[in-house]
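Novice: what follows is a protein structure lacking sequence information:
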């Protein structure tokens, strides 16, 4: 890290002249760093958003359960009351309440529309159950409900929670993997650009060696120039990426995951790490390329 910082400080101006200040290598390095930083901002946002999504899904479903009661119309009220009595005496149940017709219609509206005639359909009665921090014994509660309320079925949301949280966790892992691939692709492109610049200046390097210039002096010129280009290009890409994130729709519950793709709170500071990391990648890639190239040159 100290070597990287020293390369960014004003150095030997004569050494800087070894590398041409313009040309396709400069354009390629700036464009690569900017494009990769832009993509890195979105990969970072994806990782953080899926992390929040996994936490929200886990928290919302971990402490809730549902009891579904299917019974003939004349027995529905009695079985609902019986199920509520069982839940009220169950250790680990903080609260239990039966949803009214309006609430059940609201739950079914996205699938069946607003004009669903609940009074004419055999819709099961739903009871919302909220657990305490300790939770309840799901298997024991199922046995009690089976004995006292034959039409009641307990759903503790386990089958929904685990796949959702697992999917969100894998998306988060994919985001971090994307960041690693972006860094590797940037290192490869900058290495190619540095090798092209070294090849284009082969005659200049030969003359410098004849007048006594050391390989470290020559390599530092290339390393500093490409590290600065990588840092500057990444800064531009990061700013553009953050502006694009700001342009996305604000997070809303009805919008789901896509409108929650972005940064929240102190997470907005994380993109600031991308430019120095990109400069470090450019520094390491150029130094390795310069050393290999100079060793092969006669």
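Specialist: Nice, thanks for sending it over. Predicted, not measured: the structure shown is a model, and the values here were computed from it.

Novice: contacts, neighbours, all on C-alpha from now
Specialist: OK.

Novice: number of nearby residues for residue 65?
Specialist: Neighbourhood size, residue 65 [other CA atoms under 10 Å]: 20.

Novice: and what about it, helix, strand or coil?
Specialist: strand (DSSP: H, G, I helix; E, B strand; the rest coil).

Novice: which strand residues bridge it?
Specialist: Beta bridges link residue 65 to residue 129, judged by DSSP bridges.

Novice: so it versus residue 127, what's the distance?
Specialist: In this view, residue 65 and residue 127 are 8 Å apart by CA to CA, to the nearest Å.

Novice: likewise residue 99?
Specialist: 6 Å.

Novice: likewise for residue 38?
Specialist: In terms of CA to CA, residue 38 sits 48 Å off from residue 127.

Novice: what does residue 278 give?
Specialist: Residue 278 is 54 Å from residue 127, by CA to CA.

Novice: pLDDT below threshold where in this structure?
Specialist: 1-23, 54-62, 116-119, 157-161, 249-261, 298 (pLDDT under 70).

Novice: what residue lies at the spatial centre of this structure?
Specialist: residue 47 (1.1 Å; CA atoms, centre = their mean).

Novice: in which helix or strand would I find residue 26?
Specialist: helix 24-62 (DSSP states H and E).

Novice: could you name the helices and strands sitting against that helix?
Specialist: Contacts defined by 3 or more CA pairs under 8 Å, 6 or more residues apart in numbering; DSSP states H and E place helix 24-62 against helix 158-200, helix 215-247, helix 274-296.

Novice: can you add mean neighbour count and distance to residue 24 and give the ones you listed back as CSV?
Specialist: Formatted as CSV, the helices and strands packed on helix 24-62 follow (neighbours: other CA atoms under 10 Å; distance: least, CA to CA, whole Å):
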stretch, mean neighbour count, distance to residue 24
helix 158-200, 18, 8
helix 215-247, 21, 12
helix 274-296, 21, 16
